[in-house]
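**Q** Predicted structure and sequence below. I'll ask about it afterward.
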Amino acid sequence: FKRIGGRIVHQIDYVDYDAAKRQVSGSEALPSIAPEGAGSRRGGGKERALRTVAEFYRRYEAMPVLSSTAHYLELLTEHYSLEDPTGRILYDSRARIQKVLNAALALREFGDFHWDIDRQVTDGEWVALE
C-alpha cells in the first residue's frame with residue numbers, strides 16, 4: 001500500500017489464488033505463522049500508516065454486511081490504483097474499483113472476508129503486509 005494523507009493511493013497484491021481456494025474449501029490448512037509486531041525503517045508516521053491500513057481492511061470486510069462500498073471508498077484517493085500481477089488484475093481509479101465492487105455486491109458475488117495479517121512493515125508512506 002502507498003498512503004498519502006490518510007488515504008490509500010496505490011495497492012499491489014500478490015495472492016496465491018489456488019491456495020486461497022483450497023483453504024476456503026477446507027482441503028488445505030491455514031498457515032500458522034505467529035504474528036509479529038510492526039517494524040519500520042523510518043520513524044515518522046508509522047502508527048498512522050498502520051492505522052490507515054487496519055481501517056482499510058476493517059471497511060473492506062464490512063462491505064458485504066453493509067451492502068455498500070461508500071464507507072470503504074472514502075479511504076481511497078480519486079486516482080487509487082490496484083494491481084495484482086498474479087491474478088492479472090488492474091484497476092486504475094477509485095471509480096473503476098467502485099463499479100466492480102458495486103456489481104459484485106449486487107450479484108451477491110462478494111462474500112464475507114476476513115484478512116489475517118501476520119507481518120507488517122512500514123516506512124511511513126508504504127506499508128507491506130503478509
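**A** Yep, that arrived. Note that the structure is a prediction, hence the values are computed from the model and not measured.
**Q** Are we agreed that Val9 is in a strand?
**A** Yes: remark: Val9 belongs to a strand, assigned using DSSP: H, G, I helix; E, B strand; the rest coil.
**Q** Neighbours of it, how many?
**A** If you count neighbours by other CB atoms under 10 Å, Val9 ends up with 17. C-beta here means a position set from N, CA and C on the backbone, and glycine is covered the same way.
**Q** so what pLDDT did it get?
**A** Looking at Val9, its pLDDT stands at 93.
**Q** before we move on, what about Tyr14?
**A** For Tyr14, pLDDT reads 85.
**Q** What's the local residue count around it?
**A** Tyr14 has 10 nearby residues by other CB under 10 Å.
**Q** repeat for Asp116
**A** So Asp116, with other CB under 10 Å, has 10 neighbours.
**Q** again, but for the one 5 residues further on
**A** Burial of Val121 is recorded as 16 neighbouring residues (other CB under 10 Å).
**Q** Ok, Gly26 next?
**A** For Gly26, the count of nearby residues is 8 (other CB under 10 Å).
**Q** Residues contacting stretch 60-68, please?
**A** 69, 71-72, 101, 105, 110-115 (CB atoms under 8 Å, 6 or more residues apart in numbering).
**Q** In helices only, show me those.
**A** Residues of those located in helices (DSSP state H): 71-72, 101, 105.
**Q** Out of those, which end up buried?
**A** 72, 101, 105 (16 or more other CB atoms under 10 Å).
**Q** returning to what we had before: in a markdown table: the ones in helices among the contacts of stretch 60-68, plus pLDDT.
**A** Listed next are the ones in helices among the contacts of stretch 60-68 as a markdown table, based on pLDDT from 0 to 100:
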| residue | pLDDT |
| --- | --- |
| His71 | 93 |
| Tyr72 | 92 |
| Leu101 | 92 |
| Leu105 | 90 |
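**Q** The buried ones among the ones in helices among the contacts of stretch 60-68 into TSV, with extra columns for distance to Gly87?
**A** Below are those laid out as TSV (distance: CB to CB, whole Å):
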residue	distance to Gly87
Tyr72	19
Leu101	15
Leu105	19
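**Q** Okay, now the sheet partners of the longest strand anywhere in the chain, with direction.
**A** Criterion DSSP state E: the longest strand present in the chain is strand 76-84. Strand partners for strand 76-84, identified by DSSP bridges, are recorded as strand 7-12 (parallel), strand 89-91 (antiparallel).
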